[in-house]
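Engineer: Provided below for reference: sequence and predicted model.
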Amino acid sequence: MGFSTIAIHAGNEPDPATGAVSVPIYQTSTYAQDALGKHKGYEYARTQNPTRSALEKNIAALENAKFGFAFASGMAAIDTTLKLVKSGDHVILGDNTYGGTFRLFNRILVDYGIEFDLADTSDVANLESAFKPNTKMVFVETPTNPIMTLTDLKAVSDLAHSRGAKVVCDNTFMSPYFQRPIDLGVDIVVHSTTKYLNGHSDSVGGFVALNDEKDAEWIGFVQNGIGAILSPMDSFLVLRGTKTLAVRMDAHDRNGRVVANFLAEHPRVEKVYYPGLTSHPQHELAKRQQTGFGGMVSFETGSLDNARKVLEGVKLCTLGESLGGVESLISHPASMTHASVPEEKRDALGITDGLVRISVGIEDVEDIIADLDQALR
Ligand code: P1T
């Protein structure tokens, strides 16, 4: 079956009680049991909820994974995934990730005995030298937030597996519509469903998708044991969102390409980071590994002052954190999403004070360009 058919139908069976075509919001904390030890498969809503189960089937199917788990946020999904490693284990973390992911490792997990090193995973040789005897996991984003650097998922998976390590890919920027990491050898996919999967900037959530039965059992155990579950209402919203994922992603991709090309030719823009540009150093890998380039574009304005003029000068685009919604959002990574990354690390990556990130929405692209143009001028 095609992607959109799966997106619309997987997990979306008509409600067994009423025939409702749209999966109801089962807003309940518990379920009546027929007799002691006799129930309909639902005991308590932290453990199971039909709306959440429908979403879990849906996104797992989109990622071509056997198992899926929905969480209260992307960070909760990532933290739960990190429960697959234990005190004394070593994790290689891509050197550019969402600031919150870096903060989770650098400020929280280290105090629980999880060792980690940063590596530029865009270079497989470089990654190789980061392995230690106790390396159990490689965690990457591709493309990265916000510098849009790619990691060759197949090459990294082959290398990690030969060293006995699992590979986790944060697929938030591409969504399963443009990139399916599990098909490329990755073990576990994580998402912030807050972004493209939900797509309407009205829900915070996260997801873990994987094939390994034993790991899935543990993720499910931790999901219930710690309890950072996605609510029924949010599960409903994301389930509604994924039905239009394909049409939205095609629109984000169309607009993203136009905006990236416009910025690349703009005299006030020094550099554009977008894998769809032929000038992007990994454009060929992007064409091979992804089926589109998406709507995330970052660009260098040269200074904090210039960045501020753009960020405060836009009228249609909204200044704010987050991405992946239908509306264009513009942000300043250095002071917003990546403020918890030390300045020298940010500078080394290119997350300068002059860097601006835009999540290109699906408005009419001429309007987005006119807005950026007036703000840049
Ligand atoms: O915000 P939350 O749903 O917890 O997701 C965290 C997260 C995980 N992974 C990636 C790639 C992300 O971009 C994020 C959140 N990012 C933003 C809020 C942002 O504006 O970049």
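Structural biologist: Thanks, I have it. Numbering: from 1, shown residues only.
Engineer: packing partners of the helix or strand bottoming out on mean pLDDT in the chain?
Structural biologist: Sorting the helices and strands of the chain by mean pLDDT, DSSP states H and E puts helix 124-128 at the bottom, at a mean of 92. Packed against helix 124-128 by the contact rule (3 or more CB pairs under 8 Å, 6 or more residues apart in numbering; DSSP states H and E) you find helix 153-162. The way it works is simple: take the backbone N, C-alpha and C, and place the C-beta from them, glycine included.
Engineer: and the next helix or strand past the helix it packs on?
Structural biologist: Downstream of helix 153-162, the first helix or strand assigned by DSSP states H and E is strand 166-170.
Engineer: after that next one comes which helix or strand?
Structural biologist: Going down the chain from strand 166-170, the next helix or strand is helix 175-178, by DSSP H and E.
Engineer: the helix or strand following that following helix near the ligand at all?
Structural biologist: Scanning forward in sequence from helix 175-178 by DSSP H and E, the next helix or strand is strand 188-192. Yes: shown here: strand 188-192 in contact with the ligand (CB under 6 Å from any ligand atom) through S192.
Engineer: quick one: strands adjacent to the helix or strand just after strand 188-192?
Structural biologist: Using DSSP H and E, the next helix or strand after strand 188-192 towards the C-terminus is strand 206-210. Take DSSP bridges as the rule and strand 206-210 pairs in its sheet with strand 67-71 (antiparallel), strand 188-192 (antiparallel).
Engineer: now render those as JSON lines, adding mean pLDDT.
Structural biologist: Formatted as JSON lines, these follow (pLDDT from 0 to 100):
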{"stretch": "strand 67-71", "mean pLDDT": "99"}
{"stretch": "strand 188-192", "mean pLDDT": "99"}
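Engineer: could I get the ones you listed as a markdown table with mean neighbour count?
Structural biologist: Shown next, in a markdown table, are the strands paired with strand 206-210 (neighbours: other CB atoms under 10 Å):
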| stretch | mean neighbour count |
| --- | --- |
| strand 67-71 | 27 |
| strand 188-192 | 29 |
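Engineer: so for L210, which of those strands sits nearest?
Structural biologist: strand 188-192 (4.5 Å; CB to CB).
Engineer: what angle sits between the closest one and strand 166-170?
Structural biologist: Here the directions of strand 188-192 and strand 166-170 differ by 20 degrees (axes from the mean of the first three to the mean of the last three CA atoms, to 10 degrees).
Engineer: tell me which helix or strand comes right after the least confident helix or strand of the chain.
Structural biologist: Sequence-wise, the next helix or strand downstream of helix 124-128 (DSSP H and E) is strand 135-141.
Engineer: re earlier: nearest to E13, of the strands paired with strand 206-210?
Structural biologist: Among those, the nearest to E13 by CB to CB is strand 67-71 (15.9 Å).
Engineer: buried stuff in the longest helix along the chain?
Structural biologist: If each helix of the chain is counted by residues according to DSSP state H, the longest one is helix 245-264. Neighbour-count burial for helix 245-264, counted by 16 or more other CB atoms under 10 Å, picks out 245-246, 248-249, 251-253, 255-257, 259-264.
Engineer: do stretch 295-307 as well
Structural biologist: Using 16+ other CB under 10 Å as the test for burial, stretch 295-307 gives G295, M296, V297, S298, F299, E300, T301, N306, A307.
Engineer: quick check: residues of the stretch 151-300 of the chain near the ligand?
Structural biologist: So the stretch 151-300 of the chain meets the ligand at D170, T172, S192, T194, V204, G206 (CB under 6 Å from any ligand atom).
Engineer: one step back: among the strands paired with strand 206-210, which is nearest F116?
Structural biologist: Comparing the strands paired with strand 206-210 under CB to CB, the one sitting nearest is strand 188-192, at 15.9 Å.
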